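> Starting from these lines, generate the structure:
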Amino acid sequence: MNENKNFSIKGLKKQLKVDEEILSLTRKEHSVLLTKKKLEGLREVVWSFVAAENYFLKNFSGILGLKFARYPRNLRDGYVCDGLPEELLKLGLQDRQWKLALDVAFMNINASFALTHKEVNISVNLSQKLSDPEKHLLRYVLQRTDLLSLICLGRFKEAENLLLLESASTKFNQSLKKKLEGPDGKVAKLNQIRVFKWLRRRFREIHKKHQSPIIKKRRTYHLDSSMFKFFKEGDTSYISVASMTPNRRIVIPLANKNLDQSDFAGNIKLILRKDGKVEIHRAINKIVKKLKMSPVVLEKCKNGMNKVVAIDKGMKDLINTDAGKRFGADYSKKLIKWSDVLTQINSGRARFHSMIRELHKDIAKTTNVKIKRKLQAKIVRIKENNLGSQKIDKKREFIKLEIKKELGTAVNQLFKNEQPNVLITENLKFICFKNIGRRINRLLSSWSKGALRDALELGAKKNGVLLAEVNAAFTSQQCRNCGHVHRDNRRGDVFACVACQHKENADFAAAKNVKDRFFDSEIDVFTPVSRVREILLERRRVRLSTPGLNGS
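Alright, predicted model coming up:
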């Protein structure tokens, strides 16, 4: 895999083959300490840019944004023809700046819609109330943004007419067309309105969780290649960025002296820091091969032509493989330490929050104006002197970076030492943790927010490894020796089967079950937990009823 850092994404797209995709990695550069005048100019343009982003997020991150999600340029063209709304005009941004703010906002909006689409698709696959024809129709509608927009807005009749109009096309799916129309081509077999109502309710319910929030910290400024220029004078590197005034740029000297023009291909992101410096995020773009699971790949895995490694994600040790290797050892000790630091800080602040609540109650009770003013002044003093956010934000950011570093180190060691062709991991999407205490829940939330999964996905793309997910149900409770499934089989770090007394390390046993699940044709990633239990119990009954198989 070669680095193509001298090309922008547009340049690389021209070189792409059918089985290839672009992988973008971010590199950070830092400026030297800037003057007050430069910082003021940057703060002005950053504030206005983020305000424009928030305008688009506020108005289009909900269901109304579905109309423009696939083609946000239509919205931009409308503003160019009809003029900007008054709220955007007040910001005083140049045309290129508000257009880029729109593009960046819709990147976040589309990402939130993608998460919603994914969860709705999973709901469709797992639903036992929907028939197969209804699921077919729902999958088609989810691919069509215009249809989905009408349905989510409750305009079912228009959506029905549009769907029937599309079904008249020769390119329309013939199998779905037969399900939509009766023998005479007019009477609908499917109750489309019922399907539309189910989709509207489910989509809106899920999208509430993923809807893009407005940006509270106004410190980020995105620039495309026409909005900045890189140059060198002597050994020092500089970039000049667009300000609020046309044809006037702010020159920023960089700390890294080993940079050249090819390092700044494409867009960059500028972040204002509290220490008077600027952080510049630049992209390194690479072409990598697309890897997909197929019958050919599966056959190669079965025949041993592809090296298959299965992992179990843990709390004590971050990654455990089916071959008995550990990566990210003692992760839980570090996580407990970091978590307790934040808990101690928050518990100390809780006393002051309680004092403020009591003072507000006292203000509500009294009618004396002087006493009210004294109490309000006391609240202000407490907030200024005891509830500042600078130190705790710095500590949270430090812990977040430390966790990210631990995850990255463990994942890099995994790919370097194991060198797999296929990496199998469990899908923990449907696993929920209940009745295990607030402290453990807090630790698990830090561990299960997707950071490890993101690191594995990035590592797999960089190293040309196929990442496959399997159903996680009962992988930590099933005995590989006798097939018995019981929650008492796992006792902390030890797996001890209550039926056959087979013992081994619990994390390694789970990783082996994950590998077995990859080759299991009867249990896929969408099989409901209840059905997985039925399958495993049935296999156990068959094993016990067959002479000679009631042991291993």
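
> Could you use CA atoms for every contact and neighbour count after this?
OK.

> where in this protein is pLDDT low?
For the chain, applying pLDDT under 70 flags the ranges 1-8, 170-171, 174, 179-190, 428-449, 547-552.

> The most centrally placed residue in it and Leu456, how far apart?
Centroid-nearest residue in the chain, with C-alpha atoms, centre = their mean: Gly450, separated by 6.7 Å. Applying C-alpha to C-alpha, to the nearest Å, the value for Gly450 to Leu456 is 10 Å.

> Next: Phe56.
Counting by C-alpha to C-alpha, the gap from Phe56 to Leu456 is 32 Å.

> the more surrounded of these two?
Neighbours were counted for Phe56 and for Leu456 using other C-alpha atoms under 10 Å; Leu456 has more, 23 against 20.

> Quick check on that one: phi, psi?
Leu456 has phi and psi values of phi -70, psi -40 when expressed as degrees, to the nearest 10.

> Correct me if wrong: it contacts Thr409.
No. Look at Leu456 against Thr409 with C-alpha atoms under 8 Å: they stay out of range, at 11.0 Å.

> Give the residues shared as contacts by the two.
Common contact partners of Leu456 and Thr409 (C-alpha atoms under 8 Å, 6 or more residues apart in numbering): none.

> Give the next helix or strand downstream of the biggest helix by length in the chain.
Determined from DSSP state H, the single longest helix within the chain is helix 331-365. Sequence order places helix 369-386 as the next helix or strand after helix 331-365, per DSSP states H and E.

> okay, that next one in CSV with CA atoms only?
What follows is helix 369-386, C-alpha atoms only, in CSV (Å, rounded to 0.1, in the frame of the first residue of the first chain):
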residue,chain,number,x,y,z
VAL,A,369,-34.4,42.9,46.8
LYS,A,370,-31.1,43.4,48.7
ILE,A,371,-31.0,39.8,50.0
LYS,A,372,-31.8,38.5,46.5
ARG,A,373,-28.9,40.5,45.1
LYS,A,374,-26.5,39.2,47.8
LEU,A,375,-27.6,35.6,47.1
GLN,A,376,-27.2,36.0,43.3
ALA,A,377,-23.8,37.5,43.8
LYS,A,378,-22.8,34.5,46.0
ILE,A,379,-24.0,32.1,43.2
VAL,A,380,-21.8,34.0,40.7
ARG,A,381,-18.8,33.7,43.1
ILE,A,382,-19.2,30.0,43.6
LYS,A,383,-19.5,29.4,39.8
GLU,A,384,-16.4,31.5,39.1
ASN,A,385,-14.2,30.2,41.9
ASN,A,386,-15.3,26.5,42.4
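
> Check which helices and strands whichever helix or strand comes after it sits against.
Reading on from helix 369-386 to the C-terminus, the next helix or strand found by DSSP H and E is helix 390-418. Judged by 3 or more C-alpha pairs under 8 Å, 6 or more residues apart in numbering; DSSP states H and E, the packing partners of helix 390-418 are strand 326-327, helix 331-365, helix 451-463.

> between helix 390-418 and helix 451-463, how big is the angle?
40 degrees (axes from the mean of the first three to the mean of the last three C-alpha atoms, to 10 degrees).

> I'd like to check the angle between helix 390-418 and helix 331-365, please.
Using the same axes, to 10 degrees: helix 390-418 against helix 331-365 is 160 degrees.

> Please tell me how far helix 390-418 is from the chain's geometric centre.
Here helix 390-418 is found 17 Å from its chain centre; the criterion is C-alpha atoms, centre = their mean, to the nearest Å.

> go on, stretch 510-520?
With C-alpha atoms, centre = their mean, you get 25 Å for stretch 510-520.

> buried ones in it?
The neighbour-count check on stretch 510-520 (16 or more other C-alpha atoms under 10 Å) flags 510-515, 517-518 as buried.

> same check, this time on stretch 138-145
Buried, per 16+ other C-alpha under 10 Å, within stretch 138-145: 138, 141-142, 145.

> Report the separation between the residue of the chain most remote from its centre and Asp362.
When distances are taken from the C-alpha mean of the chain, Asn368 lies farthest, 52.4 Å away, according to C-alpha atoms, centre = their mean. Per C-alpha to C-alpha, Asn368 is found 11 Å from Asp362.

> burial count for Asp95?
9.

> now Leu407
For Leu407, using other C-alpha under 10 Å, the count is 23.

> which residues touch it?
For Leu407, the contact set (C-alpha under 8 Å, 6+ apart) comprises 318, 328, 451-452, 455.

> Show the buried residues in those.
For those, buried by 16+ other C-alpha under 10 Å: 318, 328, 452, 455.

> which ones are touching the first one?
Counting by C-alpha under 8 Å, 6+ apart, Leu318 touches 326-331, 407, 410.

> now do 6 Å
Gly328 (C-alpha atoms under 6 Å, 6 or more residues apart in numbering).

> Kindly report the same for the third one.
If you count contacts by C-alpha under 6 Å, 6+ apart, Leu452 has none.

> Please identify the buried residues of the longest helix of the chain?
331-332, 334-335, 338-339, 352-353, 356, 359, 363.

> end-to-end on stretch 294-308?
End to end - C-alpha to C-alpha - stretch 294-308 spans 15 Å.

> Next: stretch 523-535.
Terminal residues of stretch 523-535 are spaced 8 Å apart (C-alpha to C-alpha).

> sorry, back to before: ok, which of the helices and strands packed on helix 390-418 comes nearest Ile311?
Closest to Ile311 of the helices and strands packed on helix 390-418, according to C-alpha to C-alpha: strand 326-327, at 9.4 Å.

> residues in contact with the closest one?
Looking at strand 326-327 with C-alpha under 6 Å, 6+ apart, the contacting residues turn out to be 319-320, 410.

> let's see it at 10 Å
With contacts defined as C-alpha atoms under 10 Å, 6 or more residues apart in numbering, strand 326-327 is touched by 311-313, 317-321, 406-407, 409-414, 417, 507-508.

> ok, Ala511 to Asp493 distance?
Distance, Ala511 to Asp493, using C-alpha to C-alpha: 13 Å.

> Quick check: neighbours shared by those two?
Joint contacts of Ala511 and Asp493 (C-alpha under 10 Å, 6+ apart) do not exist.

> my hunch is that Lys216 is in a strand, does that hold up?
No. Going by DSSP: H, G, I helix; E, B strand; the rest coil, the assignment for Lys216 is coil, not a strand.

> Can I get stretch 309-316 in PDB? Just the C-alpha atoms.
Output in PDB follows, covering the C-alpha atoms of stretch 309-316 (Å, rounded to 0.1, in the frame of the first residue of the first chain):
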ATOM      1  CA  VAL A 309      -7.800 -14.800  13.800                       C
ATOM      2  CA  ALA A 310     -10.700 -14.500  16.100                       C
ATOM      3  CA  ILE A 311     -10.600 -12.000  19.100                       C
ATOM      4  CA  ASP A 312     -12.600 -11.400  22.200                       C
ATOM      5  CA  LYS A 313     -12.800  -7.900  23.500                       C
ATOM      6  CA  GLY A 314     -12.300  -7.700  27.200                       C
ATOM      7  CA  MET A 315     -12.000  -5.300  30.200                       C
ATOM      8  CA  LYS A 316      -9.000  -6.800  32.000                       C
END
